[in-house]
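Novice: model this:
(one chain, ligands or ions: 2)
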Amino acid sequence: MSEKILITGALGQIGSELALALRTIYGEANVLSTDIQEKEKVSDPYYERLDVMDDAQIEEIVSKHKITVVYHLAAMLSATAEKYPRKGWDLNMESLLTFLDLAKDKKIKQLYWPSSIAIFGPDTPKVNTDQNALAIPTTVYGISKRAGEFWCNYYHEKFGVDVRSIRYPGLISWKTRPGGGTTDYAVDIYYQALEEGKYECFLSENSALPMMYMDDAIRATIELMQADAEKLTVRTSYNLNGMSFTPKEIAAEIQKQIPDFEITYKPDFRQAIADSWPASIDDAVAQKEWGWKPEFDLGKMTEAMLANLKVKLNS
Ligand code: NAD
Ligand code: SER
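Specialist: Ligands and ions are numbered 1, 2, ... in the order given. Got it, this is the predicted structure:
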């Protein structure tokens, strides 16, 4: 029997692409997309409105649709959470605990929940940050993700819950725009390059951050969820490497295709967030345990982003 999958936050940057990928594997009708948006405003026939702060509604949907696997993506990202700290904490934490409890009570059998490079802090070694590096986050978002990792590990150790997680780097995609993150500049820059020929970056030119193209992130997510449980030793969250670059380097890559493209720098409050995160990630544990290997580097991603966005923006 096929799994019955629920995705929360499915209208977001990751969820919108994860739903497509999961539906090609498990069948359209076996993947229920949910988000806070009203059903009438969404064209997807397999969509329901679900506010993840509503425990009763979560239970009702899980029971009604006989859900077996949940990808819980709804969250508030780093830049927005700095503006609304308590709301960010409540959304990111309470909803995770609701799903962990459902798994503990055997109402679902597997849970995916994403963490982030934001769990690391200014005291973390910045280059090739190790899976078990010191992680004292200084953002609300990072604190919520680190605490969430510990809760996942606790429910796995104590109750045998099959919860799996990846510390995504900044994700870059063209289908759905990102919302409220510090790494969003690396998506905006491609839109602005094509639409305006110039971009004012909210991070400084040499701010290196770990990044990944969405196709790699979706593949990693599905590969981890399909991996043999016996091979997995990490139930907090796996480090995952894609690539690492600065605003200056991504601009230079864009200039190979759009020679007149200009970038200027006007760092804002997000600079402090970026400064607290690693510059690059060591993912040796993910490589060893479930065979992770990225396919996209900065050059290949830039070609894909510009080609796909040209078509999107012209249609
Ligand atoms: P996003 O902001 O694009 O999407 C989040 C979605 O959650 C939105 O569609 C929003 O409407 C929905 N949402 C907000 N409040 C809700 C509520 N109360 N009930 C139901 N839905 C609600 O985020 P994303 O980039 O797709 O990220 C998904 C997950 O991946 C998050 O947990 C995020 O922390 C994590 N992550 C993302 C990145 C990245 O670069 N995109 C990196 C690391 C981790
Ligand atoms: N891309 C995310 C953010 O900037 C990292 O988790 O918030």
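Novice: from here on, just use CA atoms for contacts and neighbour counts.
Specialist: OK.
Novice: for the stretch 151-300 of the chain, just list every one of the helices.
Specialist: Secondary structure of the stretch 151-300 of the chain (DSSP state H, counting those that start in this stretch): helices at 185-195, 214-226, 247-257, 270-275, 284-290, 298-314.
Novice: pull the distance from the third one to the chain's centre.
Specialist: How far helix 247-257 lies from its chain's middle: 24 Å, per Cα atoms, centre = their mean, to the nearest Å.
Novice: number the chain from 59, please
Specialist: Will do, 59 is the new start, and the previous item becomes helix 305-315.
Novice: for it, packing partners?
Specialist: Secondary structure elements in contact with helix 305-315, counted by 3 or more Cα pairs under 8 Å, 6 or more residues apart in numbering; DSSP states H and E, are helix 243-253, helix 356-372.
Novice: hmm, 10 Å instead?
Specialist: Using 3 or more Cα pairs under 10 Å, 6 or more residues apart in numbering; DSSP states H and E as the contact test, the elements touching helix 305-315 are helix 243-253, strand 256-259, strand 320-323, helix 356-372.
Novice: what do you get for the first one?
Specialist: The helices and strands touching helix 243-253, judged by 3+ Cα pairs under 10 Å, 6+ apart, are strand 228-230, strand 256-259, helix 305-315, strand 320-323, helix 356-372.
Novice: okay, these, which one's buried deepest?
Specialist: strand 228-230 (a mean of 25; mean count of other Cα atoms under 10 Å).
Novice: now it: average pLDDT?
Specialist: Here strand 228-230 scores 98 as its mean pLDDT.
Novice: what strands line up against that strand, and which way round?
Specialist: strand 267-271 (parallel) (DSSP bridges).
Novice: and the partner strand with helix 356-372, angle?
Specialist: 60 degrees (axes from the mean of the first three to the mean of the last three Cα atoms, to 10 degrees).
Novice: what about A332, how many neighbours?
Specialist: A332 has 21 neighbours, counted by other Cα atoms under 10 Å.
Novice: spit out the contact partners of K346.
Specialist: For K346, the contact set (Cα atoms under 10 Å, 6 or more residues apart in numbering) comprises K289, L290.
Novice: look at it and report its pLDDT.
Specialist: 98.
Novice: again, but for V100
Specialist: So, for V100, pLDDT stands at 97.
Novice: same question, M59
Specialist: pLDDT, M59: 61.
Novice: can you check G237 too?
Specialist: G237 is given a pLDDT of 86.
Novice: what's near enough to touch it?
Specialist: Contacts of G237 (Cα under 10 Å, 6+ apart): G70, Q71, M134, L135, S136, A137, T138.
Novice: how near is the first one to ligand 1?
Specialist: Distance of G70 to ligand 1, given as Cα to the nearest ligand atom, to the nearest Å: 3 Å.
Novice: likewise for the last one?
Specialist: Separation of T138 from ligand 1 (Cα to the nearest ligand atom) stands at 9 Å.
Novice: before we move on, the earlier item: out of the helices and strands packed on helix 243-253, nearest to P336?
Specialist: Proximity of the helices and strands packed on helix 243-253 to P336 was assessed by Cα to Cα; the nearest stretch is strand 228-230, lying at 11.3 Å.
Novice: ok, and what's touching that closest one?
Specialist: By Cα under 10 Å, 6+ apart, the surrounding residues in contact with strand 228-230 are 71-72, 174-176, 236, 239-246, 248, 267-275, 300-302, 359-360, 363.
Novice: which residue packs closest to L149, ignoring adjacent ones?
Specialist: Distance criterion Cα to Cα, 6 or more residues apart in numbering; nearest residue to L149, sequence neighbours excluded, is A133 at 6.2 Å.
Novice: then F178?
Specialist: Residue nearest to F178 in three dimensions, not counting chain neighbours: A193, with 4.4 Å by Cα to Cα, 6+ apart.
Novice: please, which helix or strand holds the one you found?
Specialist: Element membership for A193, per DSSP states H and E: none, as it lies in no helix or strand.
Novice: now the residue nearest to Y84 when sequence neighbours are not counted: how far from L160?
Specialist: Spatial nearest neighbour of Y84, chain neighbours left out: S60 (6.5 Å); criterion: Cα to Cα, 6+ apart. From S60 across to L160, the span is 20 Å (Cα to Cα, to the nearest Å).
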